[in-house]
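S.K.: Need the 3D shape of this:
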Amino acid sequence: MADDVDVLLQMWSSRWEQIRQSENQRATTTNIVIVVVSALLGLIASKGLKSVMLPVAIAVTVLGVYGALLSAKYYERFRLHLAEATALRQRLDERFPGLDLETIQSTVNARQAAAFPRLIRIPLYALWVALHGIVAFAGLILTSVVIVNL
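M.R.: This is a model prediction of the structure:
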């Protein structure tokens, strides 16, 4: 019996490690994209919106789209690992009903929703995707301006 519980706890813990790993990778990737885009925007600002800047403007767009897709993919991985962790927690709750793990989780979720009724509706991944979407949109605008000035 203790061995079964140890396996469940180890699997549950590993799911949360995977969630943290995905979030760390998303943050690192976003930082890299923002730093590179900042450098590209600095280059465009120093050279002006001339035809030679077209590849740079396109690169800004591509990096924004890439970052948005990567953020969405990391969210998909997060949801997978969260679903696994939830299933494992439910199994632990079944094994140890006196712990009331599901009740604790639902109580915490209800309190969080009551404390932040508007923010709770905004998924965090959507903010990350939107950030990268803004970068892509800025790249499209720059690309359009460069093309118009050809």
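S.K.: only C-alpha atoms for contact and neighbour calcs from this point on.
M.R.: Noted.
S.K.: longest helix in the chain, by residue count?
M.R.: Counting by DSSP state H, the longest helix found in the chain is helix 2-47.
S.K.: quick one, the helix or strand that that helix is followed by and helix 2-47 angle?
M.R.: Per DSSP states H and E, the first helix or strand lying C-terminal to helix 2-47 is helix 54-95. Going by axes from the mean of the first three to the mean of the last three Cα atoms, to 10 degrees, helix 54-95 is angled at 160 degrees with respect to helix 2-47.
S.K.: got the angle between whatever helix or strand comes next after helix 54-95 and helix 54-95?
M.R.: Following helix 54-95 in sequence order, the next helix or strand is helix 101-115 (DSSP H and E). On the basis of the same axes, to 10 degrees, helix 101-115 is oriented at 130 degrees to helix 54-95.
S.K.: how distant is helix 101-115 from the center of its chain?
M.R.: Between the centre of helix 101-115 and the centre of its chain there are 23 Å (Cα atoms, centre = their mean, to the nearest Å).
S.K.: Quick one: mean pLDDT over whichever helix or strand comes after that helix.
M.R.: For helix 101-115, the following helix or strand on the C-terminal side (DSSP H and E) is helix 124-148. For helix 124-148, the mean pLDDT works out to 97.
S.K.: List of residues touching helix 124-148?
M.R.: 37, 49-51, 53-54, 57-69, 71-72, 75 (Cα atoms under 8 Å, 6 or more residues apart in numbering).
S.K.: With stretch 71-83 instead?
M.R.: Arg15, Trp16, Gln18, Ile19, Ser22, Glu23, Arg26, Tyr125, Trp128, Val129.
S.K.: still on that earlier bit, now the buried members of the contacts of helix 124-148.
M.R.: 37, 49, 51, 53-54, 57-68, 71-72, 75 (16 or more other Cα atoms under 10 Å).
S.K.: Any chance of TSV for the contacts of stretch 71-83, columns neighbour count and distance to Asn109?
M.R.: Putting those into TSV (neighbours: other Cα atoms under 10 Å; distance: Cα to Cα, whole Å) gives the following:
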residue	neighbour count	distance to Asn109
Arg15	21	20
Trp16	16	18
Gln18	16	22
Ile19	21	19
Ser22	20	22
Glu23	17	21
Arg26	21	25
Tyr125	18	18
Trp128	20	22
Val129	21	24
